[in-house]
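Sequence unavailable; structure follows:
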């Protein structure tokens, strides 16, 4: 696990772009992508580069259940707005939030992931330690599955909706095992709200109560953060 701390978000996101460019130049063709406020500056910077993904495949971590791809708060819409409108991939996969048969949708998505192993996975981290929408208590052996979102997760995402009542209660998400199969993982953690959970991960706490703690077992993970060591830290 490699940790890099940055004094500014500008430098952090510039470094993230460099990592993605280098990974692609080294032969990566299958990219796992993430959404949320943490990723918006990154995708903006990627759109300013000449990196070409037209020979690449992308998979998104998750999608809300009950939202169509055209809904402004769906992750399909998010990806088009922030990245795909400018950087197209040969193929881009997201779970179908309106799938009539959730079990079939999850099995199909997991099958696609296994047919196209991820060279690179981009991750944010939730304040409760979730990665993707794998909430605390999710098995480290989990594959793509349907999850009921914790109230804290819905509250954190409520700023994107008109009200908390509009935030979906369920989502499809890659499982933890699905994420861990990626050859390289880049985790971005920005803002004081992420300090406590990041410190738990960095302390090598390995527990399903903090899903992100599984990342300490990954052989090739880079963590970028703008959080500096506190004065009482050695």
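In hand now; what should we look at? Just so it is clear, the structure is predicted and the values come from calculations on it, not from any experiment.

The closest residue to residue 118 other than its chain neighbours: neighbour count?
In space, and not counting its chain neighbours, residue 118 is closest to residue 182: 3.9 Å by C-beta to C-beta, 6 or more residues apart in numbering. Where you see a C-beta, it was placed from the backbone N, CA and C, and this is true even at glycine. Counted with other C-beta atoms under 10 Å, residues neighbouring residue 182 total 25.

Make sure residue 182 is indeed in a strand.
No. Residue 182 is assigned coil when assessed by DSSP: H, G, I helix; E, B strand; the rest coil, not a strand.

residues touching it, list them.
32, 117-121 (C-beta atoms under 8 Å, 6 or more residues apart in numbering).

wait, which of the residues you listed is closest to residue 189?
Checking those against residue 189 by C-beta to C-beta gives residue 121 as the nearest, at 14.9 Å.

Bridged to the closest one, which residues?
Note on residue 121: beta-bridge partners residue 32, residue 185, judged by DSSP bridges.

hang on, the earlier thing: now the buried members of the contacts of residue 182.
32, 118-121 (16 or more other C-beta atoms under 10 Å).

got the buried residues for the lowest-mean-pLDDT helix or strand in the chain?
Between all helices and strands in the chain, the lowest mean by mean pLDDT, DSSP states H and E belongs to helix 151-157, at a mean of 87. Neighbour counts over helix 151-157 (16+ other C-beta under 10 Å) mark 153-154, 156-157 as buried.

Each with direction, which strands does whatever helix or strand comes next after it pair with?
Beyond helix 151-157 on the C-terminal side, the first helix or strand identified by DSSP states H and E is strand 170-173. When pairs are called by DSSP bridges, strand 170-173 turns out to pair with strand 62-64 (antiparallel), strand 145-148 (antiparallel).

On the pLDDT front, check the closest residue to residue 62 other than its chain neighbours for me.
Leaving out its chain neighbours, the residue that sits closest to residue 62 by C-beta to C-beta, 6+ apart is residue 173, at 4.0 Å. pLDDT, residue 173: 97.

which intervals of the chain have sub-threshold pLDDT?
Applying pLDDT under 70 to the chain flags the ranges 231-234.

longest helix in it, by residue count?
Across the chain, the longest stretch assigned as helix under DSSP state H is helix 9-25.
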